[in-house]
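[1] Below are the sequence and a predicted model; questions follow.
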Amino acid sequence: MSYIIITLLICLLGSVTFLPVTQAFIKRYHTGVNFFLTLAATLVGVLLAIAASNYEQEQQEKENLIKQLDATKAQIELVQTFSEKLLENAKNLPSTELTTYWVNNPLPYPEFLTTFVAQSHTVKHLSKNTLNEVNEFAINAKKVMLFRQEMYIDLLQDLRKDIDQEIKYQRGEISEAQL
């Protein structure tokens, strides 16, 4: 953004040379004015190229974030489906075997989520709301996954919805207020 502002200021300064008031000055110092205008044109080109490059890089990072969000969502769905099947199997067991069952078959945790949030470009582009939700999930999930399996599945479902909303936000389909 600053590159665009600087470019506009240089263009404005260069356009001053077209005012009739400055014609005498331009005729007297035409070599210097031509040098200044050439320098201004070069700076405008360079600054616009930098701004365009930064914009493209920003868009590429957002596309990569969306891909990572999609992969995270897929892993969460897989973990949720597997956890639901484990819970369904546990309901058919006698209560005396449940402790052994959960020790031998712990609910899976979406490990990719931890790696995903630890990446600097993810934190840079991820909305504050979603980042808070993911961190909240990480804290709560580890507490409840051993003793309150239904709540863990609900947490996974809520997280999946939050990631769906974040994907829509990153694509520009909803505003940050709608998150």
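    It's in.
[2] From here on, just use CA atoms for contacts and neighbour counts.
    Will do.
[3] For residue 94, give its distance to residue 100.
    11 Å (Cα to Cα, to the nearest Å).
[4] out of these two, which sits in the more crowded spot?
    Neighbours were counted for residue 94 and for residue 100 using other Cα atoms under 10 Å; residue 100 has more, 11 against 8.
[5] quick one, what contacts the more buried one?
    For residue 100, the contact set (Cα atoms under 8 Å, 6 or more residues apart in numbering) is empty.
[6] for the helix or strand harbouring it, which positions count as buried?
    Per DSSP states H and E: residue 100 is located in helix 98-104. Buried positions in helix 98-104, judged by neighbour count with 16 or more other Cα atoms under 10 Å: residue 102.
[7] Using CSV, list the CA coordinates for that helix.
    Presented in CSV, the C-alpha positions along helix 98-104 are these (Å, rounded to 0.1, in the frame of the first residue of the first chain):
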residue,chain,number,x,y,z
LEU,A,98,-15.1,-49.8,29.1
THR,A,99,-11.9,-48.6,30.9
THR,A,100,-9.8,-51.3,29.2
TYR,A,101,-11.4,-50.6,25.9
TRP,A,102,-10.6,-46.9,26.0
VAL,A,103,-7.0,-47.6,27.2
ASN,A,104,-6.5,-50.0,24.3
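[8] which other helices and strands contact the next helix or strand after that helix?
    Under the assignment DSSP H and E, the closest C-terminal helix or strand after helix 98-104 is helix 111-118. Counting contacts by 3 or more Cα pairs under 8 Å, 6 or more residues apart in numbering; DSSP states H and E, helix 111-118 is packed against helix 30-91, helix 128-144.
[9] With that, I have no additional questions.
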